[in-house]
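**Student:** Any chance you could fold what I've pasted below:
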Amino acid sequence: MMHTYFGEFNRVVGDNIRRAMSVLRSWGLDVQLLPHKTALRIERPDDMSWTDFKRAIRAVLQPRRGSAMISSESTGRTYVCSNRGNQPGDFQRQ
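**Tutor:** Numbering: from 1, shown residues only. Prediction:
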């Protein structure tokens, strides 16, 4: 069973969501672009840990200004990762 997430991304590497999709696919994630141009549907395989999933998300964000909001379809939990502020790169549960 795959874990499904919806992600809203701001300031991805190269300001190119399609490049971000290819980076996430290289990490082994199944990614689909949603009609809202900065939103992605992401499926995480069972054999990928939550830690590796977070690393993959961080890999597509710009180092200084990138951010993402990830929402789990199954649990409804929402996580925000921002590279700004005093805890850059940390996933904060909302």
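**Student:** now the strands for this protein?
**Tutor:** 3-10, 30-33, 39-44, 67-72, 78-82, 91-93 (DSSP state E).
**Student:** Now tabulate these in TSV and tack on distance to Phe53 and mean pLDDT.
**Tutor:** In short, each C-beta sits where N, CA and C put it, glycine included. Converted to TSV, these look like this (distance: least, Cβ to Cβ, whole Å; pLDDT from 0 to 100):
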stretch	distance to Phe53	mean pLDDT
strand 3-10	8	94
strand 30-33	12	95
strand 39-44	5	96
strand 67-72	9	95
strand 78-82	10	94
strand 91-93	10	88
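**Student:** With respect to Arg58, which of the ones you listed lies nearest?
**Tutor:** strand 78-82 (6.6 Å; Cβ to Cβ).
**Student:** What lies in contact with that closest one?
**Tutor:** Strand 78-82 is contacted from outside by 54, 57-58, 61, 66-72, 88-94, using Cβ atoms under 8 Å, 6 or more residues apart in numbering.
**Student:** Paired strands for that strand, with orientation please.
**Tutor:** Strand pairing for strand 78-82, using DSSP bridges, gives strand 67-72 (antiparallel), strand 91-93 (antiparallel).
**Student:** got the buried residues for the shortest one?
**Tutor:** Meaning strand 91-93. Burial within strand 91-93, assessed by neighbour count using 16 or more other Cβ atoms under 10 Å, is assigned to Phe91.
**Student:** Not counting its neighbours along the chain, what's nearest the residue positioned nearest the centre of the chain?
**Tutor:** Against the mean C-alpha coordinate of the chain, by Cα atoms, centre = their mean, the closest residue is Ile57 at 3.8 Å. Of all residues not flanking Ile57 in the chain, Ala68 sits nearest, at 5.6 Å (Cβ to Cβ, 6 or more residues apart in numbering).
**Student:** Bridged to that neighbour, which residues?
**Tutor:** The partner residues for Ala68, given DSSP bridges, come to Phe9, Cys81.
**Student:** Alright, calling it a day.
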